[in-house]
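J.: Structure for the following, please:
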Amino acid sequence: MTEAVEPAAGTDATEPFAVGVTVRGYETDTQGHLNQSVYLQYAEHARWSLLQASGIRQSTMVDRRVGPVTVETTIRYRRELRAGDEVEVSCAFVWGEGKTFRIEQTVRTADGTVAAEVSAVCGLLDLTERKLLPDPRAAFRDLADEPALLGLTDA
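T.: Below you'll find the predicted structure:
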């Protein structure tokens with residue numbers, strides 16, 4: 001499926017939004033590397049951090065009876081991570097048309113090595129109707145103080 005996309009901006013036009021995370025020992029498995037499920041937690045942390053940086057609070061979304069949902073996630077594991085590793089988790093919204101959008105994320109080590117790539121198809125759920133909103137871009141634009149951080153330009 002091909003669709004026109006509007007890449008998200010991060011803290012500036014050339015860098016996506018990112019947060020730092022230190023791999024904790026209790027997040028590792030018996031092989032000594034980061035448990036596969038924790039990558040999803042890191043991705044989720046970066047997503048909520050980006051929403052917060054754009055001025056969107058979880059409590060505001062609950063008050064407005066909307067909430068983000070993930071309908072599909074793909075993780076590509078590239079390099080193992082071990083306890084104590086410092087990583088940066090990027091987060092960029094990629095907008096198309098319709099009820100869903102993509103969130104593209106990369107987990108990188110301090111030296112820039114890609115440890116994992118996370119790609120998710122998401123939507124914004126009407127918490128009363130239990131259906132995806134038809135125009136999540138408009139809803140996020142309305143919720144955000146800084147919609148440009150979400151890749152939303154004036155329309």
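J.: Can you tell me which helix or strand of the chain has the lowest average pLDDT?
T.: Confidence across the helices and strands of the chain bottoms out at strand 6-7, with a mean of 40, counting by mean pLDDT, DSSP states H and E.
J.: which SS class is the residue nearest to G20 when sequence neighbours are not counted?
T.: Distances taken as CB to CB, 6 or more residues apart in numbering put E88 closest to G20, at 5.5 Å, once the chain neighbours are dropped. All C-beta atoms are positioned from the backbone trio N, CA, C, and that covers glycine. The assignment at E88 comes out as strand when based on DSSP: H, G, I helix; E, B strand; the rest coil.
J.: Now do E88 against V69, distance only.
T.: 25 Å (CB to CB, to the nearest Å).
J.: So for the two, which residue has more residues nearby?
T.: Between E88 and V69, counted using other CB atoms under 10 Å, E88 has the larger neighbour count: 18 against 14.
J.: what ranges of the protein fall below the confidence cut-off?
T.: Within the chain, the stretches with pLDDT under 70 are 1-14, 154-155.
J.: In it, which helix is the longest?
T.: What stands out as the longest helix in the chain, according to DSSP state H, is helix 36-53.
J.: circling back to that earlier point, got the buried residues for the helix or strand just after the least confident helix or strand of the chain?
T.: As assigned by DSSP states H and E, the chain's next helix or strand after strand 6-7 is strand 17-22. Applying a neighbour-count criterion of 16 or more other CB atoms under 10 Å, one finds F17, A18, V19, V21 buried in strand 17-22.
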